[in-house]
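Novice: have a look at this fold, sequence not included:
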């Protein structure tokens, strides 16, 4: 009997890149949801998506397209110490956009389905550990954990990585966008997407960091945190759309300064602000083909989205907050 599982994506409102080095960040789960379909049977795990294929053997060795390698790590984490669960897996993404944690979302959905198939309850904690295992492979060991936590829990989160304990402290927050305003997300893809690993490396090099985050000195991580932390502190208290928009702009200026923006992102930010948006910033890793969040008046959201498309050539989509995390349906 086939198993269907799904997970939301995510948008980072404040703190991408800085969160990798221990700063707190604010993230929200968003829909539509990504899905996987799992059909039990065979003698291995067969992975199939629109971008690649792969096979995970019973010793968890992988063969196939490199883009599918992270899902072998998800499977190993999900089934470690348990009976192997051979199956065929189809990945059905609803988002083709960079910056929304799509790979983490698909990994979480895969984990929820595979855990169910193996007779294990797919708790948010276990789904997180599985999704994070995949993200660490996908992002060359530099995944902060914020994507995996957000999509597994399905709640707005203030997230922080604790290097002293190795834990990922999070707190669920009743965060809402200021009344009368809405978020749009702009997809700047125009044929080329920069890699998340490349953007992470650019950000690190801008601070003179050449080691993995966990191998970076506490003093250097503190330098990274100090540059951004005042923005998040203000954002968590801000109740007005005007104030929140300014803080989004301030966050974007820092990210641009650290080399993780792109020509397309700057074009989208400029278009949004020229349409009267309260603020705009890149979300996620940034780079070529990255995504932009913009805060606009709710009554003008549809017209602003159309105008952004006219000015920049990039589509803008209204965000919907997800109501639950990754789960087997």
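Specialist: Sure thing, it's come through. Small disclaimer: the values here were computed from a predicted structure and weren't measured.
Novice: quick one: pLDDT of residue 222?
Specialist: Model confidence at residue 222, given as pLDDT, is 97.
Novice: how about it, phi and psi?
Specialist: With angles defined as degrees, to the nearest 10, residue 222 sits at phi -60, psi -40.
Novice: ok, now which ones touch it?
Specialist: By C-beta atoms under 8 Å, 6 or more residues apart in numbering, the residues touching residue 222 are residue 22. In this view, the C-beta of every residue, glycine as well, is placed from N, C-alpha and C.
Novice: any idea how far it lies from residue 187?
Specialist: Distance, residue 222 to residue 187, by C-beta to C-beta, to the nearest Å: 35 Å.
Novice: residue 137 now?
Specialist: Applying C-beta to C-beta, the value for residue 137 to residue 187 is 25 Å.
Novice: surely residue 134 forms part of a helix?
Specialist: Yes. Counting by DSSP: H, G, I helix; E, B strand; the rest coil, residue 134 is found in a helix.
Novice: that one: neighbouring residues, count only.
Specialist: Residue 134 has 28 neighbouring residues, counting by other C-beta atoms under 10 Å.
Novice: that one contacts residue 104, correct?
Specialist: Yes. Counting by C-beta atoms under 8 Å, residue 134 touches residue 104, with 7.2 Å between them.
Novice: mind splitting the protein into its structural domains?
Specialist: Listed by automatic domain parsing, the domain ranges of the chain are 3-175, 181-321.
Novice: most tightly surrounded among those domains?
Specialist: domain 3-175 (a mean of 21; mean count of other C-beta atoms under 10 Å).
Novice: show me what contacts residue 56?
Specialist: Contacts of residue 56 (C-beta under 8 Å, 6+ apart): 44, 45, 47, 62, 71, 72, 75, 76.
Novice: now it. Nearest residue, chain neighbours left out?
Specialist: Leaving out its chain neighbours, the residue that sits closest to residue 56 by C-beta to C-beta, 6 or more residues apart in numbering is residue 45, at 4.0 Å.
Novice: beta partners of the one you found?
Specialist: Beta-bridge partners for residue 45, by DSSP bridges, are residue 56, residue 87.
Novice: and the gap between it and residue 247?
Specialist: 44 Å.
Novice: what's the answer for residue 130, then?
Specialist: As judged by C-beta to C-beta, residue 130 and residue 247 stand 34 Å apart.
Novice: confidence score at the residue most central in space within the chain?
Specialist: Centroid-nearest residue in the chain: residue 101, 2.6 Å away (criterion: C-alpha atoms, centre = their mean). Note for residue 101: predicted pLDDT of 90.
Novice: that one contacts residue 284, doesn't it?
Specialist: Yes. Between residue 101 and residue 284 there is a contact at 7.1 Å, judged by C-beta under 8 Å.
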